[in-house]
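Trainee: give me the fold of what follows.
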Amino acid sequence: MINLHIFGGSTNVGNYLTKVLDLKSDLFNLYKYSRKSKGVLKANLKEPDQFFLLNTKEKSIIISFAPIWHFAKFINYITKNNPKDLENVLGIIIISSTSATTKRFAFNNYDKELVKQITKSEKQIINNLKENNIKLKIIRPTLIYGNIKNYNDRNINKIIRFLSIIPIVFLPRSTGKRQPIHAKQLAEVTITYINKIKNNRPRFSNSPTIIEVGGDQEISYHEMLRLSKDKLPLNHKAKNCKIILIPNTLFYILLFPIFIINKKFFEAILRIQSDLCGFTPSFQITNNEPREFPLEDDLI
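Mentor: Numbers count the residues shown, from 1 in each chain. Okay, the predicted model is just below:
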């Protein structure tokens, strides 16, 4: 029996993961930690000296869906102050973000600081765990979607809310490609790596520490919006929003005034034309059949 210590289990990916693992309770002991969720162990990663990992004398795997900079602080603390708690840890799996790649040439300060924060945290974790000889996999997913229980994604869901209040949306005729990944797919990727650690697969140790993961399908930004709208109930307000394609040059002329008001928002809209894809499709890791966007929000 292996202990799984799960941080951030109340997220949409965490909900899918824990649901599947609960069904395999004969293989794993689950310890779920959260800063504020009820029914789980309380643990604030920003205050690592205020809590302890449970049952550290047995073989364990640690999974984190929490912000990576918070988890980096926890790992730094535990490797320096309680290294014995990691003696039986077989491996650690961390969810990071492809923003480290897609926003590294950003010109607004918010995104520039985000990239620094992510990459600094990843390097810190890698260095800390290298000293303790612990297997590590950092998964950088792109554009996670899926609404689970009370948790709504901050990507597709955010766009749908915008379409619900705007009667007309103008998009450039040529939009960049995206590779949205459902929370269920990312949970399946995580479970695949859990099993590789559990079974001591050599390929896990020899594979890259950081892997960038996307959904199984590359689609244009415009197509992503259209398919998301098509999936909505007939009475949803976003159904009434008209998407009008205009020449790219005209789109950016209309867009320019936003640059003066909000550089971060301006750059986010500017990325509509960028190809943010080319990541490892989830099915290549899980060996499932490729699935088309969008997947349903069923909780297994």
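
Trainee: show me which residues of stretch 130-149 are buried.
Mentor: 134-146, 148 (16 or more other C-beta atoms under 10 Å). For glycine as for every other residue, the C-beta is placed from the backbone atoms N, C-alpha and C.

Trainee: and it, C-alpha only, in PDB?
Mentor: Listed next in PDB are the C-alpha coordinates belonging to stretch 130-149 (Å, rounded to 0.1, in the frame of the first residue of the first chain):
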ATOM      1  CA  LYS A 130      18.200  16.400  -6.500                       C
ATOM      2  CA  GLU A 131      20.000  16.600  -3.200                       C
ATOM      3  CA  ASN A 132      17.600  14.100  -1.700                       C
ATOM      4  CA  ASN A 133      17.700  11.800  -4.800                       C
ATOM      5  CA  ILE A 134      13.900  11.900  -5.200                       C
ATOM      6  CA  LYS A 135      12.200  11.300  -8.600                       C
ATOM      7  CA  LEU A 136      10.400  14.400  -9.900                       C
ATOM      8  CA  LYS A 137       8.000  15.100 -12.700                       C
ATOM      9  CA  ILE A 138       6.900  18.700 -13.400                       C
ATOM     10  CA  ILE A 139       3.900  18.800 -15.700                       C
ATOM     11  CA  ARG A 140       3.200  22.000 -17.500                       C
ATOM     12  CA  PRO A 141      -0.300  21.900 -18.900                       C
ATOM     13  CA  THR A 142      -1.800  24.400 -21.300                       C
ATOM     14  CA  LEU A 143      -5.300  26.000 -21.200                       C
ATOM     15  CA  ILE A 144      -7.000  23.700 -18.600                       C
ATOM     16  CA  TYR A 145     -10.800  23.700 -18.800                       C
ATOM     17  CA  GLY A 146     -13.600  21.800 -17.100                       C
ATOM     18  CA  ASN A 147     -16.100  22.900 -14.400                       C
ATOM     19  CA  ILE A 148     -16.200  20.500 -11.500                       C
ATOM     20  CA  LYS A 149     -18.500  20.800  -8.500                       C
END
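
Trainee: what average pLDDT does it get?
Mentor: The average pLDDT for stretch 130-149 rounds to 90.

Trainee: again, but for stretch 253-265
Mentor: Stretch 253-265 carries an average pLDDT of 85.

Trainee: can you map out the helices along the stretch 151-300 of the chain?
Mentor: Using DSSP state H, counting those that start in this stretch, the helices found in the stretch 151-300 of the chain span residues 156-165, 183-198, 202-206, 221-231, 248-261, 263-270, 282-286.

Trainee: now the two most distant members of the buried residues of stretch 130-149.
Mentor: Pairwise distances across the buried residues of stretch 130-149 (C-beta to C-beta) peak at 31.2 Å, for the pair 134 and 145.

Trainee: which helix or strand in the chain has the lowest average pLDDT?
Mentor: Within the chain, confidence by mean pLDDT, DSSP states H and E is lowest for helix 202-206 among all helices and strands, at a mean of 63.

Trainee: so residue 98 sits against residue 142, correct?
Mentor: Yes: Residue 98 is within contact range of residue 142, at 4.1 Å (criterion: C-beta atoms under 8 Å).

Trainee: okay, and the common contacts of the two?
Mentor: Here residue 98 and residue 142 share the contacting residues 212, 214, 276, 279, scored by C-beta atoms under 8 Å, 6 or more residues apart in numbering.

Trainee: and the third one, how many neighbours does it have?
Mentor: Look at residue 276: counted by other C-beta atoms under 10 Å, it has 22 neighbours.

Trainee: that one bridge partners, please.
Mentor: Here residue 276 sits in beta bridges with residue 178, going by DSSP bridges.
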